[in-house]
Structure formats: C-alpha cells, structure tokens
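Q: sequence first, predicted model second:
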Amino acid sequence: MSALFAMVHRDLLLVMRRKSEVLTALFFFVVVTSLFPLGIGADAALLRKIAPGVIWVAALLSTLLGLHRMFAADYADGALEQMALSSQPMVLLVAGKIIAHWIVCGLPLVILAPIIGIQFDLDLSSLYVLMGTLLLGTPVMSLLGSIGAALTLGVRGGSVLISLLILPLYIPVLIFGAGAVYANSVGLDSSGHFSLLGALLVLALAFVPWVSAAALKIAIE
C-alpha cells in the first residue's frame, strides 16, 4: 500500500506545479452551470427541474477535460515504462493515479456542488443528495475514464477518442446521479439511485484498475 500512497502523493505534487490545468476544468464547470440560470431567467420551478441534468452533464464534461493527461506525461518522459518494470504491482500504481485524478478533478466538483445548486433554487435536502451522488459518481467516472486514457495513450487525437469511448460508459452514472436529485426534489425516494451508484462504484473498483493496467502494458509494448 505504500506504493499506492506514494503514487497519489507524487501525482498531487505534479498537479500543484500545473495548477492551470485544474483551474481550467473547475472554471469550465462553474461557467457552464452558471450560464443556464442566466439564460433561462428567474423561473424557479424550471430551474429546479433542469438542475440535476445540467449539473451532472457539466460535471461529466469537466471530468473528461483532464482524462487525456492521466498517463500522457508519464508516457512521454518514460516514467510509465519504469513503473511497469518496477517490483511494485502495476495495478496499485494505476489505482494511485486514478485516486489522484479524482482528488484533483472530482472532489472539487463535490465541494462546489452546493454553491451551484443554490443558483438553481435547490432546497437543502436536494443539495445533500446532489453532493452524495457526486461523491459516489465522480470516482466511477475517474475509474472508467482511466480505461479510455490507457487505450488511447500515444494515439494522435487521443482526447477525442477518449470522449467517443468513455461517454457511452458514463450514461448509467449520469442517469442514476441526476435521477436521484430529481426524485428527491419531487418528493420521491432516491435510495434506489444511491444503491445503483454504489454498485457501479464497487464494480468499477473491483475490475477497472486491472483493465487499465493491462491496457497500459499493451500501449507501452
């Protein structure tokens, strides 16, 4: 596990030297979600109705912005080959990079969610549900995104290919995440949506690091 924590610490240090990349994704999330209330107007009922879909789609697109950089820098400078040749399991190193990506690109979205939700006139319980769904859903998006980042490593136009590969896999997360917030806002039970998001997270944690590690080894070879 020391290798896992060392990889997370290393990637977070590297991100601190490239703060503009992180701020770009956050700025995109805030701007996209803020444009809808400005464009639609002060119709509170309509804003509450579209809020789950708008916020979740913006979070999804913000996560996509940083996926192509998950392994690209290490592949370019040869660090990825050294990781593959090291005595540490490649799966743990890949898992560390995925965790670092979520801390940088997913966790800030969870923290910003209440502020964005207030713009859409969401009540307190809906804000809690929104944060909960993002807390479960954003790690799934980082995990699934690692597969696309690994498969398109070193390919020209890889960022476009990642979108084509990963967006269909994001659809269940989008449906259950936005559905939970909408169900709560209209007085329905949202526990089923949380259960499905939790199941997706468990499945992704169980299989995705091994798939991404295998894809990276193929890309290196």
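A: Everything's here; your move.
Q: Leu80 touches Asp74, doesn't it?
A: Yes. Judged on Cβ atoms under 8 Å, Leu80 makes contact with Asp74 at a distance of 4.2 Å. Where C-beta positions appear, they are placed from N, C-alpha and C, glycine not excepted.
Q: more neighbours: these two, which one.
A: A side-by-side neighbour count of Leu80 and Asp74, using other Cβ atoms under 10 Å, places Leu80 first with 24 against 21.
Q: so where's the longest helix in the protein?
A: Criterion DSSP state H: the longest helix present in the chain is helix 191-220.
Q: overlap of the contact sets of Leu80 and Asp74?
A: Between them, Leu80 and Asp74 share no contacting residue under Cβ atoms under 8 Å, 6 or more residues apart in numbering.
Q: Pro139 contacts Leu201, doesn't it?
A: Yes. The criterion here is Cβ under 8 Å, and Pro139 meets it with Leu201 at 5.9 Å.
Q: ok, these two, which is more surrounded?
A: Shown here are Pro139 and Leu201; by other Cβ under 10 Å, Pro139 has more neighbours (23 against 18).
Q: would you check how far apart the more buried one and Leu107 are?
A: 9 Å (Cβ to Cβ, to the nearest Å).
Q: quick one: contacts for Phe28?
A: By Cβ under 8 Å, 6+ apart, Phe28 lies in contact with Ala58, Leu61, Ser62, Leu65.
Q: whoops, Gly137 was the one
A: Neighbours of Gly137 in contact, by Cβ under 8 Å, 6+ apart: Trp56, Ala59, Val173, Phe176, Gly177, Leu197, Leu200, Leu201.
Q: can you count the residues close to Val31?
A: With other Cβ under 10 Å as criterion, Val31 counts 10.
Q: helix or strand: which one has it?
A: In the assignment (DSSP states H and E), Val31 maps to helix 19-40.
Q: going by neighbour count, which residues of stretch 69-77 are buried?
A: The neighbour-count check on stretch 69-77 (16 or more other Cβ atoms under 10 Å) flags Arg69, Met70, Phe71, Ala72, Asp74, Tyr75 as buried.
Q: my guess is the second one meets Ile147, correct?
A: No. The pair Met70 and Ile147 does not pass the contact test of Cβ under 8 Å, sitting 10.4 Å apart.
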